[in-house]
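A.B. asks: Pasting a predicted model and its sequence here:
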Amino acid sequence: MENELIQRMKAGDRQEAFEQLYRLYADQAIRTAAAITLNQASAADVVQETFIRVYRNIENYDIGKPFKPWFNRILMNECNRYLKKHSRVIPSEIDEERDLPSDTDTYDFDRHGEIYELVQQLDDIHRVPVILKYLNDLADQDIADILGLNLNTVKSRLFKARNKLRGWMTTSKGGSIHGA
C-alpha cells in the first residue's frame, strides 16, 4: 500500500497520495511520539514535523526498501530534536557491527492500560526500544538501525525492560502499580 502511494507521489499525484499516507501512519506516529515525549501536545508537533520531512524528502526514499523503518527513523529524529530542546536525549551508541534480525514477537501493550502505564515509567533507553518493538511492531534490527545501536544492545535493553516490567507487574499484584 505504501509503495503504491509513494510511487503516486513521485509521479506527481503528491497531494492526494500524501493525504492517504498521512491517514495510514498518523495514529501510530502520534502514539509513538506521545509515548516517547510524554506530552500529547508536543507529540502532535513532532508528528507534524515528521510528515513535513517525509513530504519534502520522499524523492530520496528508496522504493526498494521497507517504508516503515524509514518513516520511524524520521519520527525518532524528530522526537530526539524535541527531547534535545528539552534536555532529554535518548542515548545511543553507533557500532558498525550488524547482525541478522531476530524473529519478531509482538504484544499490543497500547490496549493494556496497566502495562502501558508501566512502560511509561521505564527510563528512556529502555522505554524507546519497547515502544518501537511492541507499539510499532518493528524488528530488533530495524530498531537498532533507527536508534543507531548495535543489535545486541537493543536485545539487551529489551530484555532488561521486560524484566523490569515483569518485576513491577509481580509487585503490583500485591500493591499498586508503583509497588507501594
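C.D. replies: Yes, it's here.

A.B. asks: give the contact list for the residue nearest the centre of the chain.
C.D. replies: Among the residues of the chain, the one closest to the centroid is residue 132, at 3.6 Å (Cα atoms, centre = their mean). Contact partners of residue 132, counting by Cβ atoms under 8 Å, 6 or more residues apart in numbering, are 32, 72, 76, 138, 142-143, 146-147. The C-beta positions use only the backbone N, C-alpha and C, and glycine is treated the same way.

A.B. asks: Which one of those residues is nearest to residue 10?
C.D. replies: Residue 10 lies nearest to residue 72 out of these, by Cβ to Cβ, at 20.4 Å.

A.B. asks: how close does that closest one get to residue 165?
C.D. replies: Distance of residue 72 to residue 165, computed by Cβ to Cβ, to the nearest Å: 22 Å.

A.B. asks: And the two? Which one has more around it.
C.D. replies: residue 72 (25 against 18; other Cβ atoms under 10 Å).

A.B. asks: Which positions in whichever strand or helix holds the more buried one come out as buried?
C.D. replies: Assigned by DSSP states H and E, residue 72 falls within helix 67-85. Buried residues in helix 67-85, counted by 16 or more other Cβ atoms under 10 Å: 67-76, 78-80, 82-83.

A.B. asks: mind saving the C-alpha coords of it as CSV?
C.D. replies: The C-alpha atoms that make up helix 67-85 are tabulated as CSV, following Å, rounded to 0.1, in the frame of the first residue of the first chain:
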residue,chain,number,x,y,z
PHE,A,67,8.8,2.3,4.2
LYS,A,68,8.0,1.8,7.9
PRO,A,69,11.6,1.8,9.2
TRP,A,70,12.4,4.9,7.1
PHE,A,71,9.4,6.7,8.4
ASN,A,72,10.2,5.7,12.0
ARG,A,73,13.7,6.8,11.7
ILE,A,74,12.5,10.3,10.7
LEU,A,75,10.0,10.2,13.6
MET,A,76,12.7,9.2,16.0
ASN,A,77,14.9,12.0,14.7
GLU,A,78,12.1,14.5,15.3
CYS,A,79,11.5,13.1,18.8
ASN,A,80,15.2,13.5,19.6
ARG,A,81,15.1,17.1,18.4
TYR,A,82,12.2,17.7,20.7
LEU,A,83,13.9,15.9,23.6
LYS,A,84,17.2,17.7,23.0
LYS,A,85,15.4,21.1,23.1
